[in-house]
Every structure is written in structure tokens, then in C-alpha cells.
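1. 3D model of this:
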Amino acid sequence: MKIRVVDLRELRFYATPEHDCSYLPERQARTLFVDPRADIDRHVYSQLSELGFRRSGGHIYRPHCEQCQACISVRVPVAAFKPSKTQRRIENRNADLTVRAVPCQLTHEYYALYERYINERHADGDMYPPSPDQFFGFLVEGTVDSCFYEFRDPHGKLLAIAVSDMLEQGLSALYTFYDPDEDWRSLGVYAVLWQIRQTARAGKHWLYLGYWVEECRKMNYKTRYRPLEMLVNGEWQCFRPARAKD
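-> Numbering: from 1, shown residues only. This is a model prediction of the structure:
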């Protein structure tokens, strides 16, 4: 039975036993989960996002490692965002695409794209092998306000799906999958750029990008969206490294 939650103080949390870290080899990790029986509305989920929590399917979680603080929540303050030259070129390159928000759902078209993406880009990762049940559990299930953003070319071909959670203060970019044959478009980058612009159009303040791990090469792309804010010791701080040459 779902328990309706109207205040963070009413929430219960559960910590997992130690398990293999998904980001850093030869390390152990622990995860803190919100009680899955809790009925979380947008207001409570927005507060949890401020505290570094994130969603995967029906689970809302954050890292809870006693001896390691490598996973850092990051977000883009959209009003201050300044695209690099490369990012501006990617936006121009994809100006012909049409984007539409649709409900989160499992369809043959969406799953076919997801399956190709996982098989060709992440065959060495935790998401392999893909399955319809995995797709549904990861991207459709959940108790928060979410949508799929469809990216289609001028002929109506589906090129990408960006999954976003709606927060009171912004959007949370949950996951993006795209056509692996369209490398020239840099669709993963464009999906983030589009969500930054969409957050600004909605009059919201931040696009949340999940966790950044400095030692994890696959996470490096997140620091290319500037300025970037990081949650350190319970406070959001601006991260402004020198921008690399485009």
C-alpha cells in the first residue's frame, strides 16, 4: 500500500549492503533509497533533488558511501548557461529536428531504438542485454511527473528520446538514448542542450544532470556545460574550470 508523503520528515530511508561500484573499479558502494511505499509528489521530489537524490524507475536514491564522496550531484543554472563554439555548432546542426513531449510509455518504436542504442553503445555496461521489462522498469515506472521528449527528423524518423523528470525548480535529465548511426549530429549533446533551453523557456532555474565522478571518464561530458553547480557538503557551489579549446 502506498503511503502519501507531504513532508520530508515523514519519509523513511533504507541503505543497501555494500555492492560493487558502478563507476569506479575495485570499489564498494552503498546506496540510500527512499521507502518505495512512499507516494512522492512533485513538491517532495523537488526537495529530494535539492538534496542530491535521483530517480531510476520507481526508486529514488543517492550514493551513501561512508569512505568515498566521489559521486557529486551536478546541475546547470540555465539562465547563466553559455554554450561553447562546439555546442553552438551542434545546436545549428540539429535545427531541423522537431521535438515533442509525450507520456512515458513502452512502444515498439521506442524500444527498437533503445535496443539498438544499448547493443551498439553500451554492450559492456549494466544495461546490457536490453529487454522490454528493463525498459519499462527503468524509464516508464515511477511515481513522479515525467515525460519522453521525442526528437524526429523532417521525415518523421525517430532519432532520440530524452527522458525528463519535472521539478518545481527545473528539469532532471534522467536518460537519453538515440540512433547510433547518426554520429554526425551528436544527439546526446544536443538532447542536453535542448533540455537546458527548455528549462529556461519554462521559466525554471536548473537542469539536473545526475552524478559526476571525476575519476570516471564516461562522466567527463557533464563538465562541458558551463557554468556548472555541484552539491558539496550539502551546499550547491559553482564549478568554473578553465574551458578547454573547442
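2. Other residues contacting the lowest-mean-pLDDT helix or strand in the chain?
-> Every helix and strand in the chain was compared by mean pLDDT, DSSP states H and E; the lowest is strand 3-4, with a mean of 77. With contact meaning C-beta atoms under 8 Å, 6 or more residues apart in numbering, strand 3-4 is reached by 35, 37-39. Every residue, glycine included, has its C-beta placed from N, CA and C.
3. Check which strands are paired with that strand and give the direction for each one.
-> Within its sheet, strand 3-4 is paired with strand 38-39 (parallel), according to DSSP bridges.
4. List the buried residues for the helix or strand following the strand it pairs with?
-> Along the chain past strand 38-39, the next helix or strand (assigned with DSSP states H and E) turns out to be helix 42-50. Of the residues in helix 42-50, 44-50 count as buried by neighbour count, 16 or more other C-beta atoms under 10 Å.
5. repeat for stretch 47-62
-> Quick answer for stretch 47-62 (16+ other C-beta under 10 Å): 47-50, 52-57, 60-62.
6. what about it, how long is it end to end?
-> 13 Å (C-alpha to C-alpha, to the nearest Å).
7. Leaving out sequence neighbours, find the closest residue to Arg30.
-> His64 (4.6 Å; C-beta to C-beta, 6 or more residues apart in numbering).
8. Give the phi and psi angles for that neighbour, as a check.
-> When quoted as degrees, to the nearest 10, the phi and psi of His64 stand at phi -140, psi 50.
9. Spit out the contact partners of it.
-> Counting by C-beta under 8 Å, 6+ apart, His64 has contacts 15-16, 30-32.
10. From those, keep the buried residues only.
-> 30-32.
11. and Leu209, how far is that from Thr31?
-> To Thr31, Leu209 is 19 Å away according to C-beta to C-beta, to the nearest Å.
12. How about Arg42?
-> 23 Å.
13. ok, Leu97 to Leu174 distance?
-> Leu97 is 20 Å from Leu174, by C-beta to C-beta.
14. Between these two, tell me which one has more neighbours.
-> Between Leu97 and Leu174, counting by other C-beta atoms under 10 Å, Leu174 is the more crowded of the two (22 against 17).
15. if I read this right, that one contacts Leu139, doesn't it?
-> Yes. Using C-beta atoms under 8 Å, Leu174 is in contact with Leu139, at 7.5 Å.
16. Common neighbours of those two, please.
-> Val163.
17. now the helix or strand containing Ile196: mean pLDDT?
-> Assigned by DSSP H and E, Ile196 falls within helix 187-201. Throughout helix 187-201, pLDDT has a mean value of 98.
18. What of stretch 24-44?
-> 93.
19. Let me see the confidence value for Tyr61.
-> Value for Tyr61, per-residue pLDDT: 97.
20. Show me what it bridges to in the sheet.
-> Phe33, Arg54.
21. Pretty sure it sits against Leu51.
-> No. Applying C-beta under 8 Å, one finds Tyr61 not in contact with Leu51, separated by 11.6 Å.
22. Could you name every residue contacting both of those two?
-> Shared contacts of Tyr61 and Leu51, defined by C-beta under 8 Å, 6+ apart, are absent.
23. Distance-wise, check the spatially most central residue of the chain relative to Tyr208.
-> By C-alpha atoms, centre = their mean, the chain has its centre lying nearest to Leu174, at 2.7 Å. Distance check for Leu174 against Tyr208: by C-beta to C-beta, it reads 9 Å.
24. Now do the residue nearest to Arg30 against Ala29, distance only.
-> Counting by C-beta to C-beta - His64 and Ala29 are separated by 8 Å.
25. Need the overlap of contacts for these two.
-> Counting by C-beta under 8 Å, 6+ apart, nothing touches both His64 and Ala29.
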